[in-house]
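Chemist: Show me how the following folds:
(one chain, ligands or ions: 1)
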Amino acid sequence: MTLPVHTTSPTRPTTARSHLFNEGTVDDYRAAVAAGVDRVARRVTEVTGPFTGVRPDQVAPLVDAVDLDRPLPDTAAALDELEQVYLRDAVYFHHPRYLAHLNCPVVIPALVGEAVLSAVNSSLDTWDQSAGGTLIERRLIDWTAARIGLGPAADGVFTSGGTQSNLHALLLAREEALAGATPTDRRILLPRLRIVTSAAGHFSVQKAAKLLGLAPDAVVVVQTGPDRRMRAGAVRHELARCRRDGLPVLAVVATAGTTDFGTIDPLDEIAEVCATAGTWLHVDAAYGCGLLVSPTRRHLLDGIERADSVTVDYHKSFFQPVSSSAVLVRDRRTLRHATWHADYLNPARMVAARIPNQVDKSLQTTRRFDALKLWLTLRVMGPDAVGELFDEVCDRAAQAWELAAADPRFEVLTRSPLSTVVFRWRPAGTPAELADAANLHAREALAASGLAVVAGTRVDGRQHLKFTVLNPATTVEDVAGVLDLIAEHAGRYAHTHAAARSAELTCPVG
Ligand SMILES: *Cc1c(COP(=O)(O)O)cnc(C)c1O
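Modeler: Have a look, this model is predicted:
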């Protein structure tokens, strides 16, 4: 059999087909992608701050003015336009003074993976849409499970993020809790099911409870002490109380790296409580998973190997581009709760034929080959190098905490073993309300200046600021500079407002 040979003429006119990626358009593909890469590369060398401070009302008219029904003449023109509507004012996580949320700068091998996976465009739902991609994902799941220590029956699947991983894990836990229940039992039990987690746990646990059809008060929130960790004794107490009240607990969710404080629940002690009670333990390690490859800090996750399920976000502490996350389980049989056999896609006979279809384990159907990014990262850098980067940001955060703690202009909260610093500007004698307003103002003024971006959060009713350090390029000098900027903005605000207030007091209006 002879296959037709495809050729392209060099003077080929631009047609709809000329935009398709195939063997005839590889030169255009190379040129177009290189042009896009070049814009980003140039931008990254040009930015002088993590943000330009642009406001939504300044960008909205530019975006709105684009006529989506009238394409531009070529890629270069579209990239020129993109500079204006996006690249110029984007928030850049590679910048050392981006200190706000759990966003990491990304590693180059992962960007190569991103380019490859989107061009080949495998879909990881079935073997017949991905072939080797399926096996690569499986190896990485096994590798991660082994790093956690979940044992020989472990399994899991890549997901779009920690939110989905938590939902997935809690779905499996719910189904285990309802195992063997008749439809009538299910209706009776569903509104009674509870999830125990800490006040510092991630809000996606609340969202998952809602999506899983649980009662509005299904999430039992355990208050934390000043160390912002969920105490095992408190978990034991809540489990006993739920049992007394006839409320089955489908899972305890412990957090390895709380989003707000970077604290890690005492995993081993909580695992012991869960084992005694026979309760599913889910460990949300969306943030703390970077410790799995840390050359010096792996012990901070001790006890995680006793979990029934674990969430990891490679797009937080493995320096991977969004999205890259996974849910892991100790017992692969529990994944069947997310299985549905569709005749057209993954008929049950394929299981017998040992054809690996990841859709059997996933909540998604069509699914990106995100695993490739981590694969290339490990093959080029190796896990130790990734762990060293995470160690560096933990070290830097520890230094930042010390700086702020030693500075009379600031108050600090719990010291995180990871890379979070929660603090507030409050020189001695500053009234708490004034400090609240001044910290809020400082955060906004700082972002508007474009010199740095920090996060804010309310802790115990008081406005605080937060650094999440995820960039090894951030130096102690960067941190010291940002603290000075915050103190300037907050100090100026407090000065004017305190003056205004005393003026009000001394010369009452009217
Ligand atoms: C970020 C985070 C999540 C949510 O993960 P996404 O990838 O943003 O969906 C869940 N839990 C914790 C502890 C997190 O820090």
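Chemist: contacting residues around the lowest-mean-pLDDT helix or strand in the chain?
Modeler: When each helix and strand of the chain is scored by mean pLDDT, DSSP states H and E, helix 349-352 comes last, with a mean of 86. Residues outside helix 349-352 that contact it (Cβ atoms under 8 Å, 6 or more residues apart in numbering): N357, D360. C-beta coordinates here come from the backbone N, C-alpha and C atoms, glycine included.
Chemist: Just after it, pick out the following helix or strand.
Modeler: Moving toward the C-terminus from helix 349-352, the next helix or strand (DSSP states H and E) is helix 371-380.
Chemist: And for that next one, what's in contact with it?
Modeler: With contact meaning Cβ under 8 Å, 6+ apart, helix 371-380 is reached by 107, 109-114, 116-117, 124, 133, 136-137, 139-140, 143, 158, 314, 318-321, 324, 386.
Chemist: That helix: which residues count as buried?
Modeler: For helix 371-380, a neighbour-count test (16 or more other Cβ atoms under 10 Å) marks A371, L372, K373, L374, W375, L376, T377, L378 as buried.
Chemist: quick one: the fourth one and E176, what's the gap?
Modeler: Relative to E176, L374 is positioned 28 Å away (Cβ to Cβ, to the nearest Å).
Chemist: How about the third one?
Modeler: Separation of K373 from E176 (Cβ to Cβ): 31 Å.
Chemist: Next: the first one.
Modeler: Plainly put, A371 is 26 Å away from E176 if you go by Cβ to Cβ.
Chemist: neighbours of the residue in the stretch 301-450 of the chain that the ligand sits nearest to, just the number please.
Modeler: Closest residue of the stretch 301-450 of the chain to the ligand, Cβ to the nearest ligand atom: D313 (4.8 Å). Look at D313: counted by other Cβ atoms under 10 Å, it has 28 neighbours.
Chemist: For it, give me its contacts.
Modeler: D313 touches L102, G161, G162, S165, A286, Y287, C289, S324, S325, counting by Cβ under 8 Å, 6+ apart.
Chemist: per-residue confidence at it?
Modeler: Residue-level confidence at D313 comes out at 98, pLDDT.
Chemist: okay, now the residue lying closest to it once chain neighbours are set aside: neighbour count?
Modeler: Spatially, and ignoring its direct neighbours in sequence, D313 is nearest to A286 (4.0 Å; Cβ to Cβ, 6 or more residues apart in numbering). Neighbour count for A286, taken as other Cβ under 10 Å: 28.
Chemist: Just to check, A286 is in contact with T159?
Modeler: No: between A286 and T159 there is no contact, the gap being 10.6 Å when judged by Cβ atoms under 8 Å.
Chemist: Need the overlap of contacts for the two.
Modeler: Common neighbours of A286 and T159, using Cβ under 8 Å, 6+ apart, are S165, S325.
Chemist: how many neighbours does the nearest residue to L292 once chain neighbours are set aside have?
Modeler: With sequence-adjacent residues excluded and distances taken as Cβ to Cβ, 6+ apart, L292 is closest to R147, at 4.3 Å. Close neighbours of R147, defined as other Cβ under 10 Å, add up to 19.
Chemist: what about R147, which helix or strand?
Modeler: helix 132-148.
Chemist: List the buried residues of that helix.
Modeler: Buried, per 16+ other Cβ under 10 Å, within helix 132-148: G133, T134, I136, E137, R138, L140, I141, T144, A145, R147, I148.
Chemist: For the second one, which residues are in contact?
Modeler: Listed by Cβ under 8 Å, 6+ apart, the contact set of T134 reads L124, T126, W127, P356, N357, Q358.
Chemist: ok, the fifth one to T255 distance?
Modeler: Using Cβ to Cβ, we find N357 at a distance of 32 Å from T255.
Chemist: on that earlier part again, does the residue of the stretch 301-450 of the chain closest to the ligand have beta-bridge partners, and which?
Modeler: S325 (DSSP bridges).
Chemist: What residues does the closest residue to the ligand within the stretch 101-250 of the chain make contact with?
Modeler: Nearest residue of the stretch 101-250 of the chain to the ligand: G162, at 2.4 Å (Cβ to the nearest ligand atom). Applying Cβ under 8 Å, 6+ apart to G162 gives the contacts H202, S204, D284, A286, T311, D313, K316, S325.
Chemist: Quick check, pLDDT for the third one.
Modeler: Note on D284: pLDDT of 98.
Chemist: Can you classify A455 as helix, strand or coil?
Modeler: Put simply, A455 is strand when judged by DSSP: H, G, I helix; E, B strand; the rest coil.
Chemist: how near is it to the ligand?
Modeler: For A455, the distance to the ligand (Cβ to the nearest ligand atom, to the nearest Å) stands at 12 Å.
Chemist: same check, this time on A32
Modeler: Counting by Cβ to the nearest ligand atom, the gap from A32 to the ligand is 30 Å.
Chemist: Find the residue closest to that residue in space, skipping its chain neighbours.
Modeler: Using Cβ to Cβ, 6+ apart, the nearest residue to A32 is T75, at 4.8 Å.
Chemist: Might one say that the one you found is in contact with V37?
Modeler: No: when contacts are counted by Cβ under 8 Å, T75 is not listed as touching V37 (11.9 Å).
Chemist: Those two: which has the busier surroundings?
Modeler: Comparing T75 with V37 by other Cβ under 10 Å, the one with more neighbours is T75, at 16 against 12.
Chemist: The more buried one and A41: what is the separation?
Modeler: Taking Cβ to Cβ, one finds T75 at 16 Å from A41.
Chemist: swap in R244?
Modeler: Distance, R244 to A41, using Cβ to Cβ: 62 Å.
Chemist: Same check on R415?
Modeler: 38 Å.
Chemist: Please say which of those two ends up with more neighbours.
Modeler: R415 (17 against 11).
Chemist: Could you say which helix or strand holds that one?
Modeler: Per DSSP H and E: R415 is located in neither a helix nor a strand.
Chemist: Quick one: residues contacting it.
Modeler: Counting by Cβ under 8 Å, 6+ apart, R415 has contacts A398, W401.
Chemist: tell me the pLDDT at it?
Modeler: 95.
Chemist: which phi and psi does it have?
Modeler: phi -80, psi 130 (degrees, to the nearest 10).
Chemist: Kindly report the same for D331.
Modeler: D331 adopts backbone torsions of phi -120, psi 110, taken as degrees, to the nearest 10.
Chemist: That one against A307, yeah?
Modeler: No: using Cβ under 8 Å, D331 is not in contact with A307, being 11.2 Å away.
Chemist: So which of those two has more stuff around it?
Modeler: Neighbour count, other Cβ under 10 Å: between D331 and A307, A307 has more, with 28 against 15.
Chemist: Now that one. Its backbone dihedrals?
Modeler: phi -70, psi 150.
Chemist: For the nearest residue to it once chain neighbours are set aside, which residues are in contact?
Modeler: With sequence-adjacent residues excluded and distances taken as Cβ to Cβ, 6+ apart, A307 is closest to V283, at 4.2 Å. V283 sits next to V253, A254, T255, A256, L267, I304, A307, S309, V310, T311 when contact means Cβ under 8 Å, 6+ apart.
Chemist: Can you redo those residues as CSV, where the extra columns are distance to V273 and secondary structure?
Modeler: As requested, the contacts of V283 are arranged in CSV below (distance: Cβ to Cβ, whole Å; DSSP: H, G, I helix; E, B strand; the rest coil):
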residue, distance to V273, secondary structure
V253, 13, strand
A254, 10, strand
T255, 15, strand
A256, 16, strand
L267, 11, helix
I304, 15, helix
A307, 13, coil
S309, 16, strand
V310, 17, strand
T311, 20, strand
